[in-house]
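1. what would the 3D arrangement of this be:
(one chain, ligands or ions: 1)
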Amino acid sequence: MSRLPNRRIVLGVAGGIAAYKAADLVRRLRDRDFEVRVVMTAAAREFVAPLTFQALSSNPVHCALLDEQAEAGMGHIELARWADLVLVAPATANVLARLACGFADDLLTTVCLATTAPLVLAPAMNRQMWQASATRANVRLLLDRGVAMLGPGEGDQACGDVGPGRMLEPEEIAARTAVRFGGGALEGVEVLVTAGPTREALDPVRFLTNHSTGKMGYAVAAAAEEEGARVSLVSGPTTLPAPPGIDRIEVTSAEEMYAEVMARAARCDIFIAAAAVADYRPARCAEQKIKKGDGPAALDLVRTADIVAGVAAMGDRPFTVGFAAETESLEAHAKDKLRRKGLDMIAANRVGLPDRGFASERNALTVLWGDGGSRELGLAPKAELARSLIGLVAERYRAEHPA
Ligand code: PMT
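-> This is a model prediction of the structure:
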């Protein structure tokens with residue numbers, strides 16, 4: 001984890017249910033050696049007590065604009081000048097609207113208006129409120145003025161809805177904030193990731209594929225971006241939205257994925273193959289829908305090109321990481337793939353179990369690398385696991401290519 005001394009963040013906490021996550025965010029920013037001063041709105045204080053933030057930040061919490069005692073300590077203008085960055089998390093629909101209009105009717109909006117430091121917002125609200133045309137217009141206006149947005153993410157919401165509007169997890173906000181100070185472990189590094197399944201056409205209406213949803217590969221791409229890498233993601237068909245800040249190239253078949261990866265591999269520093277690429281494709285794709293006959297049918301299959309082995313065999317190759325999806329003898333098969341495909345590192349996962357691997361929200365990885373090193377990454381949400389994996393990749397990559 002990157003540590004950044006002498007960087008000062010004013011963290012604005014607005015009144016939403018995600019305010020409780022802001023407490024964890026303070027801890028994670030402090031872990032990265034940021035000094036944090038918290039400004040709370042009146043509504044935020046209905047969700048979390050200022051004392052929590054005072055204890056976590058080791059600084060007094062700033063609440064009121066017109067409090068003589070507080071102004072005598074560190075007034076709103078001094079606070080605005082003190083900050084190297086102002087981060088508002090959660091940024092509610094109300095705060096977005098008030099910032100867009102330039103209000104200065106409480107301490108948080110006044111500090112935002114008075115500061116010359118970059119302003120970063122982590123929105124959090126109900127999905128309908130996020131999608132409302134007034135909020136869309138406010139977000140556009142703020143982006144046009146150079147305000148940065150972290151998220152929101154998608155998923156289950158406190159109100160029971162599912163959709164966009166969840167505040168990003170504190171670790172992701174902390175990592176992406178650190179990147180703004182040039183502190184990511186993969187700052188300036190080009191990373192290419194594959195994700196999702198491929199589809200191998202049999203005829204115009206049928207194809208061979210697998211259960212991959214792309215979740216693991218997308219999480220790996222997002223984790224690399226959080227650490228400051230420029231990330232390209234070659235993705236098979238999924239229902240996932242393109243992760244913010246990442247260049248996504250959509251493909252369907254193994255052949256298309258091979259072509260898109262090979263067109264980019266020479267320019268990247270790290271290649272991570274998380275896609276579940278078909279090993280075989282039909283020898284030919286019928287022009288018309290295949291008609292059923294009376295007897296059994298047989299498929300004539302041919303091998304696809306191995307993408308990760310192709311990248312590993314290149315002359316000036318990137319640091320190359322493969323995945324291994326195994327139903328048994330995980331480590332033995334993974335070791336064999338690491339050697340046979342000429343990889344620098346391999347992340348092996350059990351598949352065929354309901355709580356991990358394909359389509360699950362969680363996974364566990366056994367990571368092996370060239371000189372006999374290994375690390376077990378236990379069962380965890382894919383986003384969390386991806387961050388641990390990227391940490392290991394960055395460590396190994398930096399050992400070979402000191403910054
Ligand atoms: O997408 P999710 O639903 O989140 O599921 C995640 C996952 C289980 C798909 C993922 O964690 C995973 O294991 N991805 C690799 C799946 C796979 O194809 O494993 P494999 O053991 O068959 O292949 C080994 C390596 O060779 C992989 O890096 C694969 O991308 C690569 N390969 C395979 C065939 C091929 N033609 N080209 C390749 O590059």
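2. ok, A44 - contacts?
-> Applying C-beta atoms under 8 Å, 6 or more residues apart in numbering, we find A44 in contact with 13-16, 19, 22. Heads up, the C-betas are built off the backbone N, CA and C, glycines and all.
3. sorry, that was for N94
-> Applying C-beta under 8 Å, 6+ apart, one finds that N94 lies in contact with 14-15, 43.
4. okay, now the closest residue to K382 other than its chain neighbours: neighbour count?
-> Leaving aside its chain neighbours, K382 sits nearest to A219 (4.3 Å; criterion: C-beta to C-beta, 6 or more residues apart in numbering). Applying other C-beta atoms under 10 Å, we find 25 other residues in the vicinity of A219.
5. could you say which helix or strand holds A219?
-> Per DSSP states H and E, A219 falls inside helix 215-226.
6. who touches that helix?
-> With C-beta under 8 Å, 6+ apart, helix 215-226 has contacts from 172, 175-176, 179, 184, 186, 191, 193-196, 231, 233, 235, 238, 240, 243, 245-246, 270, 272, 274-275, 323, 349, 359-361, 363, 382-383, 385-387, 389-390, 393.
7. filter the residues you listed down to the buried ones.
-> 172, 175-176, 179, 184, 186, 191, 193-196, 231, 233, 235, 238, 240, 243, 246, 270, 272, 274-275, 323, 349, 360, 363, 382-383, 385-387, 389-390, 393 (16 or more other C-beta atoms under 10 Å).
8. elements contacting the longest helix along the chain?
-> Looking across the chain with DSSP state H, the single longest helix is helix 382-400. Judged by 3 or more C-beta pairs under 8 Å, 6 or more residues apart in numbering; DSSP states H and E, helix 382-400 is in contact with helix 170-180, helix 215-226, strand 270-273, strand 319-326, strand 345-350, strand 362-369, strand 374-381.
9. okay, now the nearest residue to V351 once chain neighbours are set aside: neighbour count?
-> Once flanking residues are discounted, V351 sits nearest to G357: 3.8 Å by C-beta to C-beta, 6+ apart. Neighbour count of G357, defined by other C-beta under 10 Å: 21.
10. which ones are touching G357?
-> 325, 349-351, 363.
11. now, which of the residues you listed lie close to the ligand?
-> Within the set of these, contact with the ligand (C-beta under 6 Å from any ligand atom) is found for 325, 349, 351.
12. rewinding a little: which element follows the helix holding A219 toward the C-terminus?
-> In N-to-C order, the element after helix 215-226 by DSSP H and E is strand 230-235.
13. return that next one as CSV; C-alpha atoms alone will do.
-> Coordinates of each C-alpha in strand 230-235 appear next as CSV, following Å, rounded to 0.1, in the frame of the first residue of the first chain:
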residue,chain,number,x,y,z
ARG,A,230,-3.9,3.0,-17.6
VAL,A,231,-6.1,0.0,-18.2
SER,A,232,-7.6,-1.5,-21.4
LEU,A,233,-10.1,-4.3,-21.0
VAL,A,234,-10.8,-6.8,-23.8
SER,A,235,-14.1,-8.2,-22.8
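14. contacts for it?
-> Applying C-beta under 8 Å, 6+ apart, the set of residues contacting strand 230-235 is 188-196, 214, 217-218, 221, 224-225, 242-243, 245-251, 257, 260-261, 264, 268, 275.
15. thinking again about what came up before, state the distance from the residue nearest to V351 to L51.
-> 44 Å (C-beta to C-beta, to the nearest Å).
16. work out which residue lies at the spatial centre of the protein.
-> Centroid-nearest residue in the chain, with C-alpha atoms, centre = their mean: A222, separated by 2.7 Å.
17. so of the contacts of strand 230-235, which ones are in helices?
-> For those, the ones inside helices are 217-218, 221, 224-225, 257, 260-261, 264, with DSSP H as the criterion.
18. near the ligand, which residues of this structure show up?
-> Checking the chain against the ligand by C-beta under 6 Å from any ligand atom, the hits are 194, 212-217, 254, 273-277, 279, 304, 306-308, 322-325, 337, 349, 351, 357-359.
19. the nearest residue to D279 once chain neighbours are set aside: what's it in contact with?
-> Residue nearest to D279 in three dimensions, not counting chain neighbours: T304, with 6.2 Å by C-beta to C-beta, 6+ apart. Going by C-beta under 8 Å, 6+ apart, T304 touches 198, 200, 254-255, 258, 277-281.
20. same check on L99?
-> Applying C-beta under 8 Å, 6+ apart, the residues near L99 are 88, 91, 109, 112, 119, 121, 138, 142, 147.
21. how about A286?
-> Here A286 is in contact with 202-204 (C-beta under 8 Å, 6+ apart).
22. between those residues, which is nearest the ligand?
-> L202 (17.8 Å; C-beta to the nearest ligand atom).
23. ok, A93 to V86 distance?
-> Distance from A93 to V86, by C-beta to C-beta: 19 Å.
24. out of these two, which sits in the more crowded spot?
-> Between A93 and V86, counted using other C-beta under 10 Å, the more crowded position is V86 (25 against 22).
25. the host helix or strand of the more buried one - what's its average pLDDT?
-> Element membership for V86, per DSSP H and E: strand 85-91. The average of the pLDDT scores along strand 85-91 is 98.
26. can you list the residues that contact that strand?
-> 7-14, 16, 18-19, 21-22, 25, 80, 95, 99, 108, 111-112, 115, 117-125, 150, 167, 173, 177, 180-181.
27. now with 6 Å?
-> Identification of contacts with strand 85-91 by C-beta atoms under 6 Å, 6 or more residues apart in numbering yields 9-12, 14, 16, 18, 22, 25, 112, 115, 117-124, 167, 173.
28. can I get that strand as CSV, trimmed to CA atoms?
-> What follows is strand 85-91, C-alpha atoms only, in CSV (Å, rounded to 0.1, in the frame of the first residue of the first chain):
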residue,chain,number,x,y,z
LEU,A,85,-7.9,18.1,-1.7
VAL,A,86,-11.6,18.4,-0.6
LEU,A,87,-13.4,15.0,-0.8
VAL,A,88,-17.1,14.8,-0.1
ALA,A,89,-18.3,11.3,0.8
PRO,A,90,-21.1,10.6,0.8
ALA,A,91,-22.2,13.4,-1.6
